[in-house]
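*Asks:* Predicted coordinates and the sequence they were generated for:
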Amino acid sequence: MANTFKVITHAGMGNNAGTPETLYTVPSSTTTVVIGLTLCNVTTSSVLIDVHLESDTTNTGQAQNANIHLAKDVPIAVGSSLELLTGGKYVLQTTDILKIDSNTNGAVDVSLNIMEIT
């Protein structure tokens, strides 16, 4: 099993306010550990962000995972950054998807730090 550290960046996320935009999809035959997620407000006014986890995986002996919010309507002030998903680790399974939404188009730059286990 190979462990590969990666950074995934995306400028101006939230291209269509109200419609979550895909930041990362776990590749096939891969488990991903999220190390950190940073969102930076690049607009001239405060914004609200949502972080979604879409998961259709099923663990042995348990029901199918659900699509959930990891953060909902979290404010980020002008010129500020917000660190989410740090400290505790989040494990994502094959086909899980992290999505970002904002109440303002193109409002946040995003950096996702992960380790993929293949």
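*Replies:* Yes, it's here. Numbers count the residues shown, from 1 in each chain.
*Asks:* From the contact counts, what lies against the helix or strand of the chain with the lowest mean pLDDT?
*Replies:* For the chain, counting by mean pLDDT, DSSP states H and E, strand 90-92 ranks last in confidence among helices and strands (a mean of 92). Here strand 90-92 is seen to pack against strand 31-41 when contacts are counted using 3 or more CB pairs under 8 Å, 6 or more residues apart in numbering; DSSP states H and E. (Each C-beta comes from the backbone N, C-alpha and C, glycine too.)
*Asks:* what lines up beside the least confident helix or strand of the chain in the sheet?
*Replies:* Strand pairing for strand 90-92, using DSSP bridges, gives strand 31-41 (antiparallel).
*Asks:* Please identify the buried residues of the strand it pairs with?
*Replies:* 32, 34-39, 41 (16 or more other CB atoms under 10 Å).
*Asks:* circling back: which residues sit against the least confident helix or strand of the chain?
*Replies:* With CB atoms under 8 Å, 6 or more residues apart in numbering as the test, strand 90-92 has contacts from 26, 31-34, 53, 55, 70, 98.
*Asks:* and if we set it to 7 Å?
*Replies:* Residues outside strand 90-92 that contact it (CB atoms under 7 Å, 6 or more residues apart in numbering): 26, 31-34.
*Asks:* List just the nearest of these to M13.
*Replies:* V34 (16.3 Å; CB to CB).
*Asks:* Grab the nearest non-local neighbour of that closest one.
*Replies:* Y90 (4.0 Å; CB to CB, 6 or more residues apart in numbering).
*Asks:* Any idea how many residues pack against the one you found?
*Replies:* Y90 has 18 neighbours, counted by other CB atoms under 10 Å.
*Asks:* thinking again about what came up before, tell me the one among the buried residues of strand 31-41 nearest to E116.
*Replies:* Distances from E116 to these, taken by CB to CB, are shortest for T32, at 5.3 Å.
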